[in-house]
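Peer 1: Provide a 3D model corresponding to the input given below.
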Amino acid sequence: MCLRPAAADTGIVFHRTDLDPIVVDGVVDGVVDGTVDRGGLPAARSGIDTLVPARWDTVSDTVMSTTICNDAGVKVATIEHLMAALAGCGIDNVVVELAGPEVPIMDGSSAPFVFLIECAGLEMQQAPRRSVRVLRRVEIDEGDRRAVLLPSDGFSVSLEIEFDSAAIVEKSGFFDLHNGGFKRDICRARTFGFEREVSRLMDLGLAQGGSLDNAVVVGRDDEIMNEGGLRYCDEFVRHKVLDCVGDFYLVGGPMLTHFAGQRTGHASNNRLLRKLFSDPANWEYSHEVPQPSTEPMEHMEIWDRPSKMSGVIAGKIPGKIAATA
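Peer 2: Numbering: from 1, shown residues only. A predicted model of the protein is given here:
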């Protein structure tokens, strides 16, 4: 995988280089290449488009991870940890060249991506950064799973998880992700799984490269099998927050909202975004700088809070997408 700079307003685009046709003397797979360049992005050749935009409406699968797919059926899987790193580093425009159908798992967290991005450096671009502001309560309730977006001047997450394991002691948390909060509190949290589920996942074609090097594994006796144990006492909660950050960055920029979830995952995250964008009255674009949350929101306040605009002024004119790297 290689991250390449992109022009302002490009957004985050994955390029499946392994599917690029062979070009010999201007002939592409036996057909003369007559396509045009698309604003600096690779041209589509021979009838297949190898570019997959990272957007909420290109999500095609949410089983164990988030997969996106373009109109030609080209897919990229397990994008959430990289998307979270891009969100945490403030990157809005980048072409992700990928020589395969899945983003490398690295150590199961976003930390390696954040490290390499910081080594490469960021470039400020001449375009104002654009956020998606949630204007009113948007909620999905699926019985034992609930998720809600509330109006806010920044981005914060409160999450409750539930797994049948004595190893998972800390089951809830509140996180404000401003001023380096993602790098400081979230990015090192690793994905996790249970030894008893490994065979089932492999039968489904999942977790083929899974190991103690790229995931926290809970043993059959509820012990942490990884040498060194957990990175945080609540690493399970923090990784679920990491997944939320990555899934929500598919809106095309930062969100001004407080997200609260109970037993949520990739599927409910995407359903919540689809409900948000199903009604233009739910959201607007904003160029305001996100503000830190002053204090955690109590769960009862979140779930009992009535739907209202909360003083947010609607009708602002959308501008260009944010651009930082």
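Peer 1: first vs last residue of stretch 82-101, how far apart are they?
Peer 2: 14 Å (CA to CA, to the nearest Å).
Peer 1: Helix, strand, or coil at the residue most central in space within the chain?
Peer 2: Geometric centre of the chain, nearest residue: Gly246, 1.6 Å, by CA atoms, centre = their mean. Secondary structure for Gly246, judged by DSSP: H, G, I helix; E, B strand; the rest coil, is helix.
Peer 1: Also the one 4 residues further on?
Peer 2: Look at Leu250: counting by three-state DSSP, its state is helix.
Peer 1: Could you tell me how many residues sit around the residue lying closest to it once chain neighbours are set aside?
Peer 2: Closest residue to Leu250 apart from its sequence neighbours, by CB to CB, 6 or more residues apart in numbering: Trp56 at 4.3 Å. Backbone N, C-alpha and C define where each C-beta goes, glycine included. Other residues lying near Trp56 total 20 when counted by other CB atoms under 10 Å.
Peer 1: likewise Gly100?
Peer 2: Using other CB under 10 Å as the criterion, the residues surrounding Gly100 number 13.
Peer 1: Does it touch His15 like I think?
Peer 2: No. With contact defined as CB atoms under 8 Å, Gly100 does not count as touching His15 (11.8 Å).
Peer 1: Where does pLDDT dip in the stretch 51-200 of the chain?
Peer 2: Counting by pLDDT under 70, the ranges of the stretch 51-200 of the chain that qualify are 198-200.
Peer 1: now the strands: where do they sit in it?
Peer 2: 51-53, 59-61, 67-69, 75-76, 94-98, 131-134, 138-141, 146-151, 155-160, 172-176, 192-194 (DSSP state E, counting those that start in this stretch).
Peer 1: out of these, nearest to Arg184?
Peer 2: strand 172-176 (10.0 Å; CB to CB).
Peer 1: The closest one vs strand 155-160, what angle?
Peer 2: Going by axes from the mean of the first three to the mean of the last three CA atoms, to 10 degrees, strand 172-176 is angled at 180 degrees with respect to strand 155-160.
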